[in-house]
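> Predicted model, plus sequence, below.
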Amino acid sequence: RTAYLNGTFLPLDEARVPVMDRGFLFADGIYEVAAVLGGRLVDNAAHLARLDRSLSEIGIRNPHTAEEWERLETELATRNGLTEGLVYIQVTRGVAERDFSFPKGAVAPTVTMFTQEKSIVANPLAETGAKAITVPDLRWKRRDIKSVALLAQVIAKQQAAEAGAAEAFMVEDGVVTEGSSSSVFIVTKAGAIVTRPLSHALLPGITRAAVLALAAETGLAFEERLINARELPEAAEAFYTSASAFVMPVVEIDGQTLGDGRPGPVARRLRELYFAFAE
Ligand code: PDD
């Protein structure tokens, strides 16, 4: 596999970052993940706009224009022969003597990229539907920034894995914030698609935005409002969205079956619509 590090394409196992990198010491950096389908990046302008916003929110200069990023990502995907999978980008504040405040003087950000092959469309989990659990949301208060500080999500996803579930829905003050690596939606028994409105409390999901636009175009009713955790077992359907899962139907939450225990019609419809959009 070929990776990208600070201007150079090189074998992944030779791509090394110094111990004094602030990403390693402080999680002082951000990341972005975009899907590749049919050899092309999906909704990449939106991912690169979020990358730019994450950087500006933590005061790291964006080292590349969107055009440059896209050229680098495309070259990396081509070098890896990637037709379906993910491109990962990470930018940290760079290498400096350990000190909490930003380094004085010019420090070049550390830029790393790699790809992962993944069958996103022919994902068997989407056929059966995924199981989810609920966990407390233990994260900081700026979850709109795609920070590499992911320890709370790592623990949440591990709890899900140990429960035989694919995703953990994080709950704070009785309401669902989002999945550990996805945006959460329910479909009420009245047929409305519901997802939480954007704020500092959650990541502005790129797939979430595309799915809401597709729902609007298709005339499917949706509401952006808080989802009470108590609504989950009562929902007709639930699903989560992300660059790596697209639209993933959920059939069980905390051991309770939703509907007839099979992926629901709204989730399946939106998954199909998203495929058509992503192609
Ligand atoms: N995660 N919320 C969180 C906390 C996430 O980490 C992600 C994505 C999303 C969905 O965002 P998008 O639709 O833009 O992928 C929501 C990526 C896939 C990851 O960490 O691998």
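Nice, thanks for sending it over. Owing to the predicted nature of the structure, the values given are computational and were not obtained by experimental measurement.
> And the average pLDDT for stretch 270-279 is what?
Stretch 270-279 shows a mean pLDDT of 97.
> could you check whether that stretch is close to the ligand?
No. Judged by Cβ under 6 Å from any ligand atom, stretch 270-279 and the ligand are separated, with a smallest distance of 10.4 Å. Using the backbone N, CA and C atoms, a C-beta is placed for each residue, glycine as well.
> Please save the CA atoms from that stretch in PDB.
Coordinates of the C-alpha atoms in stretch 270-279 are reproduced here as PDB (Å, rounded to 0.1, in the frame of the first residue of the first chain):
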ATOM      1  CA  LEU A 270     -32.600   6.200   1.100                       C
ATOM      2  CA  ARG A 271     -29.700   3.700   0.700                       C
ATOM      3  CA  GLU A 272     -30.700   3.200  -2.900                       C
ATOM      4  CA  LEU A 273     -31.100   6.900  -3.500                       C
ATOM      5  CA  TYR A 274     -27.600   7.500  -1.900                       C
ATOM      6  CA  PHE A 275     -26.000   4.900  -4.200                       C
ATOM      7  CA  ALA A 276     -27.500   6.700  -7.200                       C
ATOM      8  CA  PHE A 277     -26.200  10.000  -5.900                       C
ATOM      9  CA  ALA A 278     -22.700   8.600  -5.100                       C
ATOM     10  CA  GLU A 279     -22.200   6.900  -8.500                       C
END
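> So which bits of that stretch are buried?
Residues of stretch 270-279 classed as buried: 270, 271, 273, 274, 277, 278 (neighbour count, 16 or more other Cβ atoms under 10 Å).
> Go through these and name the one nearest residue 59.
Distance ranking of these against residue 59, using Cβ to Cβ, places residue 278 first at 32.9 Å.
> Leaving out chain neighbours, which residue sits closest to that closest one?
With Cβ to Cβ, 6 or more residues apart in numbering as the criterion, residue 278 has its nearest non-adjacent residue at 4.5 Å, and that residue is residue 42.
> mind listing what that neighbour touches?
Contacts of residue 42 were listed using Cβ atoms under 8 Å, 6 or more residues apart in numbering, and they are 34, 35, 36, 243, 278.
> Restricted to strands, list those residues.
Helix and strand membership here follows DSSP state E; of these, those in strands are 34, 35, 36.
> what sits opposite the closest residue to the ligand within the stretch 1-150 of the chain in the beta ladder?
Closest approach of the stretch 1-150 of the chain to the ligand (Cβ to the nearest ligand atom) occurs at residue 33, with a separation of 4.2 Å. In this structure, residue 33 has beta-bridge partners residue 88, where bridges are defined by DSSP bridges.
> Identify the residues contacting it.
The neighbours of residue 33, taking Cβ under 8 Å, 6+ apart as the test, are 47, 86, 87, 88, 89, 242, 243, 244.
> rerun that using 7 Å as the cut-off
86, 88, 243, 244 (Cβ atoms under 7 Å, 6 or more residues apart in numbering).
> what does residue 275 give?
If you count contacts by Cβ under 7 Å, 6+ apart, residue 275 has them with residue 121.
> quick thing: my sequence starts at 691, can you match it?
I'll keep to 691 as the first residue from here, and by that count the last item is residue 965.
> Secondary structure element holding it?
Assigned by DSSP states H and E, residue 965 belongs to helix 955-968.
> For the stretch 791-940 of the chain, what lies in contact range of the ligand?
By the rule Cβ under 6 Å from any ligand atom, the part of the stretch 791-940 of the chain lying against the ligand is 868, 871-873, 893, 895-898, 931-934.
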